[in-house]
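In: when you get a sec, could you give me coordinates for this:
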Amino acid sequence: MSASPAQQLTETRHRILNLLLTQHDLVDVLLDKSVDLSASELKEINGWRQQLESDLQMMHAADLADILEALPHVERQALWRLVPCEQRGRVLVEASDTVWASLTENMTDREILRAIEPLDLDDQAYLARYLPRDLTGRLLTTLDPSQRAHVLSVEEFDRDRVARIMDFNILTVRADVTLATVQRFLRRHKTMPDGTDKLFITDKSNQLLGELPLTTILLNPPSTRVESVMNAKPTTFQLNDKAEDAAGAFERYNLISAAVTDAKGKLIGRVIVEDVIDLVNEENESNIRKMGGISQEEDVFAPVRKAVSKRWAWLAINLCTAFVASRVIGLFEATISQLVALATLMPIVAGIGGNTGNQTITMIVRALALHQVEPGNFSFLILRELGVALLNGVFWGGIMGGVTWMMYDNLALGGVMMLAMVLNLLLAALMGVLIPLIMTKLKRDPAVGSSVLITAITDTGGFFIFLGLATLFLLHH
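Out: Take a look at the predicted model:
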């Protein structure tokens, strides 16, 4: 029984990674490093090289991009040298921007432009601007006037706008022709752009009038006029609309493609579901990194020096917050010295508070991203999370209080443990709602470092609450 395409891909991936990660002489040869090899060893390495080249020719650019991202820097460079120039542009489109720098660092500007030359215009413009070296100016000189006008029309927009994910490959027809004419037009074209599920209807001045689904063309008589069956109220976006809002619309309305117009209603391009999926995946990865205080540009296989430079800022903040927490503990040294059990119980209060805070902050950040949070429901969200925290605090605090009572035969200590957990969970829930809301109010990304901040607050607050209650109820009575 022959292997399925998925199994073949997995086997090819494992073969490539195994060769590059275990055969160091092969990597050295691919990188043109001087290696002392016997004739038999050189023959074996040439066989491996031919195997790699054969595998690369059979692979889709997206699969090759995944393999490159899974390799350390040196092995990645060795494999990249085997990728044909005409395939490199497509691989760069599919690869995460965290590895672009390592892939292009040894390429000249001319080589990069040659690599992206076979790509669609929108992919060319995207890569030229966001590669480590901004090549937009040089790209523009290679385009004809109409293409240059397209690139310049979106150049001023930020990366999070619809203009940056727009596709210029569109098919348009007039409203006053018949479906038979449209069918002849499509047959003459022979091919259609990827993600085409509809044609766009425009007038002579390129004003968007509506859209014509392919199913409508197939299911209606050829003599039918376009204007009688077209959708005259299509879902459209403007260049400056937020890309994440467009992604939400694609999800709500089950869109495959949608028109993009300028402020005057003229058709500029379209957004397709493939680009929306890429955007959603990038946003998910970006939010995970931001919440942990990790740079969006950090490559998992980047050199140590680069990784250190990307992480030091949040580590410095973490160090400061940890110092504050330690000083809070220092305020209660006398209390801890008289009741050593407090030292073993403190981390429990702080830890469960941090977990609760992260749960809350994740929910609120997601709700903000989906535009579910409005000024009118702020108080409801706060009261809801406080209610959840109170019930969890009473339940788990009661259990931990009972365990503490049994372990140390001290009812008062068990009561302090329970009350401290309840109060710290309430603090965590309150801060979990307020931190992202305040950051949004200040025009900052609510996901950036939020987990670092909530952990710092719940640690410091948990220590203060627990040790303060212990001082008040255990040592003064």
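
In: which residues of the stretch 251-400 of the chain fall in helices?
Out: Remark: helices assigned in the stretch 251-400 of the chain by DSSP state H, counting those that start in this stretch are 273-291, 304-331, 333-338, 341-369, 378-408.

In: tell me the most buried of those helices?
Out: The highest mean neighbour count among the helices of the stretch 251-400 of the chain, using mean count of other C-beta atoms under 10 Å, belongs to helix 341-369: a mean of 20. Bear in mind the C-beta positions are built from the backbone N, C-alpha and C, glycine included.

In: what mean pLDDT does that one get?
Out: The average pLDDT for helix 341-369 rounds to 88.

In: packing partners of that helix?
Out: Using 3 or more C-beta pairs under 8 Å, 6 or more residues apart in numbering; DSSP states H and E, the elements in contact with helix 341-369 are helix 273-291, helix 333-338, helix 378-408, helix 411-441, helix 450-470.

In: looking at the ones you listed, which is closest to Met59?
Out: helix 273-291 (18.9 Å; C-beta to C-beta).

In: ok, back up a step: Serialize the helices of the stretch 251-400 of the chain to JSON lines and add fields for distance to Met192.
Out: Converted to JSON lines, the helices of the stretch 251-400 of the chain look like this (distance: least, C-beta to C-beta, whole Å):
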{"stretch": "helix 273-291", "distance to Met192": "14"}
{"stretch": "helix 304-331", "distance to Met192": "42"}
{"stretch": "helix 333-338", "distance to Met192": "73"}
{"stretch": "helix 341-369", "distance to Met192": "33"}
{"stretch": "helix 378-408", "distance to Met192": "46"}
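
In: right, so of these, which gets closest to Val448?
Out: Ranking those by proximity to Val448 (C-beta to C-beta) places helix 273-291 first, at 4.6 Å.

In: on that earlier part again, want to try JSON lines for the helices and strands packed on helix 341-369, with distance to Asn18 and mean pLDDT as columns?
Out: As requested, these are exported to JSON lines (distance: least, C-beta to C-beta, whole Å; pLDDT from 0 to 100):
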{"stretch": "helix 273-291", "distance to Asn18": "27", "mean pLDDT": "74"}
{"stretch": "helix 333-338", "distance to Asn18": "54", "mean pLDDT": "85"}
{"stretch": "helix 378-408", "distance to Asn18": "47", "mean pLDDT": "93"}
{"stretch": "helix 411-441", "distance to Asn18": "44", "mean pLDDT": "93"}
{"stretch": "helix 450-470", "distance to Asn18": "36", "mean pLDDT": "89"}
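
In: and these as CSV, adding distance to Leu219?
Out: Converted to CSV, the helices and strands packed on helix 341-369 look like this (distance: least, C-beta to C-beta, whole Å):
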stretch, distance to Leu219
helix 273-291, 22
helix 333-338, 78
helix 378-408, 47
helix 411-441, 47
helix 450-470, 50
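
In: Asp241: which of the ones you listed is closest?
Out: helix 273-291 (12.6 Å).

In: follow-up on the earlier one: for Ala39, find the nearest of the helices and strands packed on helix 341-369.
Out: Among those, the nearest to Ala39 by C-beta to C-beta is helix 273-291 (47.2 Å).

In: contacts only, for the closest residue in space to Leu19 that isn't next to it in sequence.
Out: Residue nearest to Leu19 in three dimensions, not counting chain neighbours: Trp48, with 5.6 Å by C-beta to C-beta, 6 or more residues apart in numbering. By C-beta atoms under 8 Å, 6 or more residues apart in numbering, the contact set of Trp48 is 19, 23, 26.

In: which of those lies closest to Ser223?
Out: Leu19 (61.4 Å).

In: which phi and psi does that closest one have?
Out: The phi and psi values for Leu19, taken as degrees, to the nearest 10, are phi -60, psi -50.

In: residues touching it, list them.
Out: Contact partners of Leu19, counting by C-beta under 8 Å, 6+ apart, are 26, 48, 51-52.

In: also Arg159?
Out: So Arg159 contacts Tyr130 (C-beta under 8 Å, 6+ apart).

In: can you rerun that using 6 Å?
Out: If you count contacts by C-beta atoms under 6 Å, 6 or more residues apart in numbering, Arg159 has none.

In: A strand includes it, no?
Out: No - going by DSSP: H, G, I helix; E, B strand; the rest coil, the assignment for Arg159 is coil, not a strand.

In: how near is Met400 to Ile348?
Out: To Ile348, Met400 is 7 Å away according to C-beta to C-beta, to the nearest Å.

In: same question for Arg90.
Out: Note on Arg90: its distance to Ile348, by C-beta to C-beta, is 52 Å.

In: before we move on, what about Arg88?
Out: According to C-beta to C-beta, Arg88 and Ile348 sit 53 Å apart.

In: what do you get for Ala180?
Out: Going from Ala180 to Ile348 by C-beta to C-beta gives 76 Å.

In: again with Arg164
Out: Taken as C-beta to C-beta, the span from Arg164 to Ile348 is 47 Å.
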